[in-house]
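Undergrad: Below are the sequence and a predicted model for it; my questions follow.
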Amino acid sequence: ATAVIPNNPSRSRKYELDTALYTERHLIECCFSKLKQFRRVATRYEKTARNYAAVVTIAAIVLWLR
């Protein structure tokens, strides 16, 4: 696995950053952050996987429509 986060400026050993992969990672993290703003998604009120997937789908649709 390779790290896909920027280097700390004070780090002595620097490693190369794949900017394209980092932008995709950032996009996915922002999507999860927006989904977790829905209380039912963040607290997992739904007990079955089927119902939880439905709530996540509804939340994603609401985000997409905004």
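TA: Received it, and whenever you're ready, just let me know what you need.
Undergrad: Please give the number of neighbouring residues around residue 59.
TA: Residue 59: 19 surrounding residues under other Cβ atoms under 10 Å. Yep, even glycine has a C-beta here, placed from its N, CA and C like the rest.
Undergrad: Please apply the same query to residue 25.
TA: With other Cβ under 10 Å as criterion, residue 25 counts 13.
Undergrad: check contacts around it.
TA: Residue 25 makes contacts with residue 4, as judged by Cβ atoms under 8 Å, 6 or more residues apart in numbering.
Undergrad: buried residues in the helix or strand it falls within?
TA: If you go by DSSP states H and E, residue 25 is part of helix 19-35. By neighbour count with 16 or more other Cβ atoms under 10 Å, helix 19-35 contains the buried residues residue 35.
Undergrad: Quick check: mean pLDDT of that helix?
TA: Averaging pLDDT along helix 19-35 yields 90.
Undergrad: Check the offset of it from the chain's centre.
TA: 6 Å (Cα atoms, centre = their mean, to the nearest Å).
Undergrad: continuing past that helix, what's the next helix or strand?
TA: As assigned by DSSP H and E, the chain's next helix or strand after helix 19-35 is helix 39-43.
Undergrad: In the following helix or strand past that next one, which residues are buried?
TA: For helix 39-43, the following helix or strand on the C-terminal side (DSSP H and E) is helix 49-65. Judged by neighbour count using 16+ other Cβ under 10 Å, the buried positions of helix 49-65 are 55, 59.
Undergrad: tell me what helix 49-65 is packed against?
TA: Helix 49-65 sits against helix 19-35, helix 39-43, with contacts defined as 3 or more Cβ pairs under 8 Å, 6 or more residues apart in numbering; DSSP states H and E.
Undergrad: Average pLDDT for that helix, rounded please.
TA: pLDDT averaged over helix 49-65 gives 94.
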